[in-house]
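S.K.: Sequence and predicted structure below; questions after.
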Amino acid sequence: MRRASILVLVGFVLLSVTSAVSAQSKTREQLIEEIKEKRSELSVLEKQVLDVADSDRSANAVLLTQPNTGIIRLIPREGFDTDPMRKVDESRRNQPEAMVRLLPGESFTNSSTKNKVPLTVNGDGAYYSFVRLTHEYGQGSDITLEQGFLSVGFAGADYGMIFKLGDVPVESLSTEHLLVQPLARYTPARSEPEARLEQHRFSTGTEFDGMSLKNRAPVEVGTTYLLRSISYRRSDVLVAFKVTRKDSDGSLIIIWKLMEKYPVPQLARTVQNNEIR
């Protein structure tokens, strides 16, 4: 028995040494090719993670037959919420942590990163561009999901606004709708100082044509929102979207309709002789 154990141990050591020697004997070109293959495999898996279920597509087939529409999944920027012990009651979640006394079985959703799943796509699936149809952050992203809020305006002087419409069918909306017109008529700031002021205005919340507008809104399943996203030198769009479902991992299924694509906004940085250049 002892002899058999020794033989097994020797065999394991020889196998380990052989594997190590084999790995060291690979050329750099071979290792690079292996990395490419692994990335390709990972890319396929990530697309599956970001994809929506066939049942979601079927449930929203009427909208998806229209042009300039789509359905996406957004992953929370803080990561998947797969641990039920990390949930705080919705009615108290937006309070500062220092003000909240945790109940049994509760803890803060941002107190741990153990469920954070880093993807190779920049932004980890928390962002989306309705113009470029990509989750890749840095390509003029229009929306993101973080800590139970949907937000717009992330880089440089880019900004935007979100308005909660309620339970309104997305397919019924157009720029002629009474509640859509104020956002449809909005003219983006033309200079950087003006854009920074607009950033601050919509960040803190403001009244605009009788509408209360901010650059973010709390997630409400079954609710339709309007979004105006202004990304300088990239795009300016008006989008209606609806959160149709919250998946078991905390990600959202969202249907959307691009109602208007405006001329690409340009940002003037200086004013000379009372003329913007």
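M.R.: Everything's here; your move.
S.K.: Can you give me the buried ones in the host helix or strand of residue 29?
M.R.: Following DSSP states H and E, one finds residue 29 within helix 28-50. Applying a neighbour-count criterion of 16 or more other Cβ atoms under 10 Å, one finds 46, 50 buried in helix 28-50. From N, CA and C alone the C-beta is placed, and that goes for glycine too.
S.K.: now do stretch 150-162
M.R.: Neighbour counts over stretch 150-162 (16+ other Cβ under 10 Å) mark 150-154, 157-162 as buried.
S.K.: Select from the residues you listed every entry located in strands.
M.R.: Mapping the buried residues of stretch 150-162 onto strands (DSSP state E) picks out 150-151, 159-162.
S.K.: and residue 52, helix, strand or coil?
M.R.: For residue 52, the assignment made with DSSP: H, G, I helix; E, B strand; the rest coil gives coil.
S.K.: pLDDT value on it, please?
M.R.: Looking at residue 52, its pLDDT stands at 95.
S.K.: Which residues outside stretch 54-68 are in contact with it?
M.R.: Under the contact criterion Cβ atoms under 8 Å, 6 or more residues apart in numbering, stretch 54-68 has outside partners 69-71, 170-171, 244-245, 253, 255, 257-259.
S.K.: One more pass at 7 Å, please.
M.R.: Stretch 54-68 is contacted from outside by 69, 71, 170-171, 244-245, 253, 255, 257-258, using Cβ atoms under 7 Å, 6 or more residues apart in numbering.
S.K.: got the residue ranges for the strands in the chain?
M.R.: Along the chain, counting by DSSP E, strands occupy 69-74, 127-128, 143-146, 149-151, 159-166, 206-208, 211-213, 216-218, 224-231, 235-246, 252-261, 271-272, 275-276.
S.K.: Surely residue 250 is in contact with residue 74?
M.R.: No - the pair residue 250 / residue 74 is not scored as a contact, 9.9 Å apart, by Cβ atoms under 7 Å.
S.K.: quick one on the thing from earlier: how far does the helix holding residue 29 sit from its chain's centre?
M.R.: Between the mean C-alpha location of helix 28-50 and the chain-wide mean there is a distance of 23 Å, by Cα atoms, centre = their mean, to the nearest Å.
S.K.: any idea of the angle that helix forms with strand 69-74?
M.R.: Going by axes from the mean of the first three to the mean of the last three Cα atoms, to 10 degrees, helix 28-50 is angled at 110 degrees with respect to strand 69-74.
S.K.: which residues touch helix 28-50?
M.R.: If you take Cβ under 7 Å, 6+ apart as the criterion, helix 28-50 is touched by 73, 119-121, 125, 135.
S.K.: now do 6 Å
M.R.: Helix 28-50 is contacted from outside by 73, 119, 125, 135, using Cβ atoms under 6 Å, 6 or more residues apart in numbering.
S.K.: what residues are up against the third one?
M.R.: Residues in contact with residue 125, defined by Cβ under 6 Å, 6+ apart, are 50, 75, 119, 135.
S.K.: With adjacent residues omitted, what lies nearest to the first one?
M.R.: Translated: residue 50. The shortest distance from residue 50 to any non-neighbouring residue, by Cβ to Cβ, 6 or more residues apart in numbering, is to residue 125 (5.1 Å).
S.K.: what's the distance between that neighbour and residue 222?
M.R.: According to Cβ to Cβ, to the nearest Å, residue 125 and residue 222 sit 22 Å apart.
S.K.: Equivalent analysis for residue 133, please.
M.R.: Distance, residue 133 to residue 222, by Cβ to Cβ: 24 Å.
S.K.: ok, now residue 77?
M.R.: According to Cβ to Cβ, residue 77 and residue 222 sit 22 Å apart.
S.K.: in stretch 170-188, what counts as buried?
M.R.: In stretch 170-188, counting by 16+ other Cβ under 10 Å, buried: 170-171, 173, 180, 182-184, 186, 188.
S.K.: quick one: the helices in the stretch 51-200 of the chain?
M.R.: With DSSP state H, counting those that start in this stretch applied, the stretch 51-200 of the chain shows helices at 54-59, 61-64, 181-185, 192-204, listed in chain order.
S.K.: Tabulate the contacts of stretch 54-68 in TSV, adding columns for pLDDT.
M.R.: Converted to TSV, those look like this (pLDDT from 0 to 100):
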residue	pLDDT
69	97
71	98
170	96
171	92
244	97
245	96
253	98
255	98
257	98
258	98
